[in-house]
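J.: output the structure for:
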Amino acid sequence: MLMSVRMAPPRPLIFLLMIHGVSCVDWGVSYSPSHICALKDSTVIMSCTYTYPAGHQIMKAFWTKGPLQEGVEPLDLSEDPEYSRRLQYLGDKQQNCTVRLSHVTLKDKHKYFFRFTTDKPDGQWFGYPGVTLTVTGVSCVDWGVSYSPSHICALKDSTVIMSCTYTYPAGHQIMKVFWTNESIKGVEPPDLSEDPEYSRRLQYLGDKQQNCTVRLSHVTLKDEHRYFFRFTTDKPDGQWFGKPGVTLTVTGLQVESPERVTEGDSVTLTCKSSCAPTDRATFIWYRNSLKILTESNFSNKLSLNPFFMLLVRM
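T.: Numbering: from 1, shown residues only. A predicted model of the protein is given here:
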């Protein structure tokens with residue numbers, strides 16, 4: 001008896017190579033958050049983690065504060081009489097570098113850094129950029145400007161209101177507030193209320209406390225810009241530029257109709273713009289100077305004959 005034998009095709013051999021003790025972890029220190037505002041006599045926790053290459057053993061881990069001097073080993077705050085009883089290291093010599101500072105005072109306003117060294121000659125790391133601690137006796141309001149909405153689409157010759165609020169630390173008195181449409185680093189931006197193109201159309205509706213709303217009337221295509229709120233206080237460092245600002249897009253209206261119309265056909269006219277107006281628009285259709293009243297009154301679409309006039313009210 002003859003037997004037919006089929007050989008299975010050879011299967012590839014897969015080798016799994018596992019290497020222990022090797023990693024691609026680099027040097028680093030991460031802070032969260034990087035800025036803390038605290039009330040006087042409160043307790044602050046500066047959360048922190050750190051990484052370093054495998055094969056290193058942590059020998060020393062400590063916190064220090066600025067300002068720092070190049071070439072000078074920073075001071076360990078746990079050895080500083082002003083901090084030693086109030087500073088408690090909550091971390092370890094592996095990955096956690098969190099620290100707690102209690103009974104904070106105004107003198108504690110500094111930038112704080114974590115520092116660690118290992119058993120290798122080049123095993124040392126300084127954790128830039130650190131944590132900035134602000135201490136206040138009233139409230140922890142920070143610098144900021146908020147716009148709502150951040151993008152506005154307006155019809156030509158309409159009126160635009162840019163709603164805006166701003167905040168700043170306690171103890172500051174507002175000296176100057178204004179709007180601008182330029183952002184050049186190192187150059188003081190122009191006040192639009194002093195610009196001939198805006199002075200008669202721009203009205204500041206805000207105050208010198210929290211409201212920075214502004215109104216711009218009779219907008220034109222030339223008004224398409226990004227606008228920013230700027231304010232200064234009575235302190236040397238008391239100034240803020242409200243980025244990212246408000247983007248204003250200005251559009252006209254265009255009526256779209258079929259290319260060919262035969263007598264007796266139903267015709268739909270559509271009033272279009274390059275962007276959707278932020279404020280709800282009311283569309284009023286006219287034919288031979290007479291207002292057209294339809295079931296879809298005030299809509300941007302009209303089903304009628306192609307002889308018309310169009311007005312828009314904002």
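J.: low-confidence stretches in the stretch 201-314 of the chain?
T.: 280, 293-298, 304-314 (pLDDT under 70).
J.: could you redo the last one with a cut-off of 90?
T.: Judged by pLDDT under 90, the stretch 201-314 of the chain has its weakly predicted residues at 236-237, 252-314.
J.: pretty sure Tyr50 contacts Cys97?
T.: Yes: contact criterion C-beta atoms under 8 Å: Tyr50 and Cys97 qualify, at 5.0 Å. Every residue, glycine included, has its C-beta placed from N, CA and C.
J.: shared neighbours of the two, anything?
T.: Contact with both Tyr50 and Cys97 is made by residues Val29, Ala61, Phe114, Phe116, Gly127, according to C-beta atoms under 8 Å, 6 or more residues apart in numbering.
J.: quick check: phi and psi at the last one.
T.: Backbone geometry at Gly127, expressed as degrees, to the nearest 10, gives phi -80, psi 80.
J.: tell me the bridge partners for the nearest residue to it once chain neighbours are set aside.
T.: The spatially closest residue to Gly127, leaving aside those adjacent along the chain, is Val29, at 2.9 Å (C-beta to C-beta, 6 or more residues apart in numbering). According to DSSP bridges, the residues that bridge with Val29 are Tyr50.
J.: same thing with His35?
T.: Applying DSSP bridges to His35, the residues it is bridged with are Thr132.
J.: per-residue confidence at it?
T.: Confidence at His35, expressed as pLDDT, is 82.
J.: isn't it right up against Thr134?
T.: Yes: counting by C-beta under 8 Å, His35 does reach Thr134; the two are 7.3 Å apart.
J.: which of those two has more residues huddled nearby?
T.: Thr134 (16 against 11; other C-beta atoms under 10 Å).
J.: hey, what's in contact with both of His35 and Thr134?
T.: With C-beta under 8 Å, 6+ apart as the test, His35 and Thr134 both reach Asp142.
J.: can you tell me the strand partners of the helix or strand in which Val255 is found and which way each runs?
T.: For Val255, the host element (DSSP states H and E) is strand 254-256. Neighbouring strands of strand 254-256 in its sheet, by DSSP bridges, are strand 268-272 (antiparallel).
J.: any idea how far the partner strand is from the chain center?
T.: Put simply, strand 268-272 sits 38 Å off its chain's centre (C-alpha atoms, centre = their mean, to the nearest Å).
J.: identify each buried residue in it, please.
T.: Going by neighbour count (16 or more other C-beta atoms under 10 Å), the buried part of strand 268-272 is Leu269, Cys271.
J.: mind giving me the packing neighbours of the following helix or strand past it?
T.: For strand 268-272, the following helix or strand on the C-terminal side (DSSP H and E) is strand 282-287. With contacts defined as 3 or more C-beta pairs under 8 Å, 6 or more residues apart in numbering; DSSP states H and E, the packing partners of strand 282-287 are strand 309-313.
J.: so which residues of the stretch 201-314 of the chain form strands?
T.: Per DSSP state E, counting those that start in this stretch, the stretch 201-314 of the chain carries strands over the ranges 202-204, 214-216, 226-233, 239-241, 246-251, 254-256, 268-272, 282-287, 290-291, 301-303, 309-313.
J.: can I get those strands in CSV including distance to Lys176?
T.: What follows is the strands of the stretch 201-314 of the chain, written out as CSV (distance: least, C-beta to C-beta, whole Å):
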stretch, distance to Lys176
strand 202-204, 11
strand 214-216, 15
strand 226-233, 5
strand 239-241, 9
strand 246-251, 20
strand 254-256, 42
strand 268-272, 42
strand 282-287, 39
strand 290-291, 48
strand 301-303, 48
strand 309-313, 37
